[in-house]
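S.K.: Got a sequence here, can you model it:
(one chain, ligands or ions: 1)
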Amino acid sequence: MSEFDFLSGIDDVPPTPILIAPQPVLREVAREVRPEDIAFIRDQLPGMFSAMYKAPGIGLAAPQVGLGMRFALVDVAEEDAPREPMLLINPEIVTEAEQMAAREEGCLSLPNQYAEVVRPESIRVRYRNLAGETIERDASGLLATCIQHEMDHLDGILFVDHLSTLKRNIIMRRLAKEQKLGRR
Ligand code: NI
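M.R.: Numbers count the residues shown, from 1 in each chain. Below is the predicted model:
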């Protein structure tokens, strides 16, 4: 049985609502996942994957659905390619490249807002899966960006925090205005 068997029927699963900034929980440091949390997390996954795929997005961290726990979903596969779901529980960066890369980022909690963010080009990440196994994997390019972005969420950090105060304020004001107008 695969970790993600439920994905075959994911289109029929109601998406878990995604919180939009400036929701306070998005700014909190999430706590470590403990073994006794795994059953709960397993129950959250279908709704969370459904929300990520419907958006569509390539990553979703637990705080974005109001859960202050250190886990996140990632799938950077092209839209018409087979899915490549990843679940990272208690992820840590083991090593990161000195070489930096700039890539345009967005976030499901800051809908319609995009900016270039500079981060290490490649990383080695260690995390747990649902079975409690430790996994280490190298990531570069879009996957490296996405994993770092999702891991930031677990520490209450949003991609706009990597920008100048001026740029961040412009984006946050624009987001607030658009949300007020009821745009998504
Ligand atoms: Ni995000």
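S.K.: rest of the way, CA atoms for contacts and neighbours
M.R.: Fine.
S.K.: Can you get me a residue count around L163?
M.R.: Close neighbours of L163, defined as other C-alpha atoms under 10 Å, add up to 15.
S.K.: ok now do it, which residues does it touch?
M.R.: V117 (C-alpha atoms under 8 Å, 6 or more residues apart in numbering).
S.K.: backbone phi and psi for it, please?
M.R.: phi -100, psi 170 (degrees, to the nearest 10).
S.K.: Please determine how far it is located from M172.
M.R.: Distance of L163 to M172, computed by C-alpha to C-alpha, to the nearest Å: 12 Å.
S.K.: swap in P120?
M.R.: 25 Å.
S.K.: Repeat that for A55.
M.R.: On the measure of C-alpha to C-alpha, A55 and M172 end up 20 Å apart.
S.K.: So for these two, which sits in the more crowded spot?
M.R.: Neighbours per residue, other C-alpha under 10 Å: of A55 and M172, the larger number sits with M172, 16 against 13.
S.K.: Who are the packing partners of whichever helix or strand the more buried one is part of?
M.R.: According to DSSP states H and E, M172 maps onto helix 165-180. Here helix 165-180 touches strand 110-120, going by 3 or more C-alpha pairs under 8 Å, 6 or more residues apart in numbering; DSSP states H and E.
S.K.: avg pLDDT for the strand it packs on?
M.R.: If you average the pLDDT over strand 110-120, you get 97.
S.K.: So which bits of that strand are buried?
M.R.: L110, P111, A115, V117, V118, R119, P120 (16 or more other C-alpha atoms under 10 Å).
S.K.: Next up, the contacts around the last one.
M.R.: If I follow you right, that is P120. With C-alpha under 8 Å, 6+ apart, P120 has these contacts: E96, A97, E98, Q99, M100, A101, A144, T145.
S.K.: Now, of those, which are buried?
M.R.: E96, A101, A144, T145.
S.K.: ok so, going back, of the buried residues of strand 110-120, which pair is most distant in space?
M.R.: P111 and P120 (24.3 Å; C-alpha to C-alpha).
S.K.: As a check, name the ranges of all strands in this protein.
M.R.: Assigned by DSSP state E, the chain shows strands spanning 59-61, 71-74, 86-96, 100-107, 110-120, 122-128, 134-140.
S.K.: just the ones you listed: most buried one?
M.R.: strand 59-61 (a mean of 27; mean count of other C-alpha atoms under 10 Å).
S.K.: what is the rounded mean pLDDT of it?
M.R.: 98.
S.K.: what does stretch 6-19 give?
M.R.: On average, stretch 6-19 scores 94.
S.K.: For that stretch, give me every contacting residue.
M.R.: Taking C-alpha under 8 Å, 6+ apart as the rule, stretch 6-19 contacts 26, 46-52, 54, 64-66, 108-109.
S.K.: Same check on stretch 24-43?
M.R.: 19, 63-64, 66-71, 89-90, 130, 132, 153-158.
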